[in-house]
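S.K.: heads up, no residue letters with this:
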């Protein structure tokens, strides 16, 4: 009696399953192994708008789920993304061109030009939409640009991703009012509005003795990134999810942590 055979070729690598954007990690690693760096980068760009940023600060869930952990140690997948960008960019940019039909569909406004807004602008522009990003700050990049210290990711690499999004025809408006409304944007002719404002706010935890010498993490990191001369004491107590960054900054100020 004839029976249908079960499908045996539907296996998905656990690194891909763990990846938030489901990048084809095994394939771009194979391309890198063949020294086809531009091809690997092209594959990465299919799902990842910001490879310079994610090559430095992605939480790399792929590595925690790498098959090699079953018998060895995980591949350094995030670093391989950086290799693709560093060695493949020049060739990739030479052969890159704007997608056909660019700007021919309904215009879209994106509120926020942080990583989420940049990625949205990139993919919407690739799909043919004219896109404008509205940002309250004087620059794009959001938390990555204004809060994460540059020893974690150099500013020029953040700008690299921003510039390539702009190359797709995405426009930027900076210094926008926080009171900007969806209705106002629709009155300007935008058919769709995407809100990508991010989460750059501290929690409301109150500490005993809360005063001017008690810093919350995000304002502190923002001021550090601006180059503000911070007047800090000699003794510090650190807590919270960004403690590693705080500790690194304190050491750079040569204080006792």
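M.R.: Nice, I can see it. What you are looking at is a predicted structure, and each value in this text was computed from that prediction instead of being measured. Numbering: from 1, shown residues only.
S.K.: Every contact and neighbour count from this point should use C-alpha atoms.
M.R.: OK.
S.K.: do you know how far residue 176 is from residue 219?
M.R.: Taking Cα to Cα, to the nearest Å as the measure, residue 176 falls 20 Å from residue 219.
S.K.: all helices of the stretch 151-257 of the chain, in order?
M.R.: Counting by DSSP state H, counting those that start in this stretch, the stretch 151-257 of the chain has these helices, from start to end: 155-167, 182-187, 217-226, 243-252.
S.K.: Now do the first one: distance to the chain's middle.
M.R.: Centre-to-centre, helix 155-167 and its host chain are 11 Å apart (Cα atoms, centre = their mean, to the nearest Å).
S.K.: tell me which residues in the host helix or strand of residue 86 are buried?
M.R.: Taking DSSP states H and E as the criterion, residue 86 maps to helix 77-95. Going by neighbour count (16 or more other Cα atoms under 10 Å), the buried part of helix 77-95 is 77-78, 80-85, 87-89, 92.
S.K.: same deal with stretch 159-167?
M.R.: 159, 161-162, 164-166.
S.K.: Could you dump the residues you listed into TSV and include distance to residue 14?
M.R.: Shown next, in TSV, are these (distance: Cα to Cα, whole Å):
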residue	distance to residue 14
159	31
161	27
162	30
164	30
165	29
166	33
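S.K.: center of this structure, which residue is that?
M.R.: For the chain, residue 115 is the residue whose C-alpha lies nearest the centre (Cα atoms, centre = their mean; 4.4 Å).
S.K.: Is it in contact with residue 146, as I believe?
M.R.: No. Contact criterion Cα atoms under 8 Å: residue 115 and residue 146 do not qualify, at 11.8 Å.
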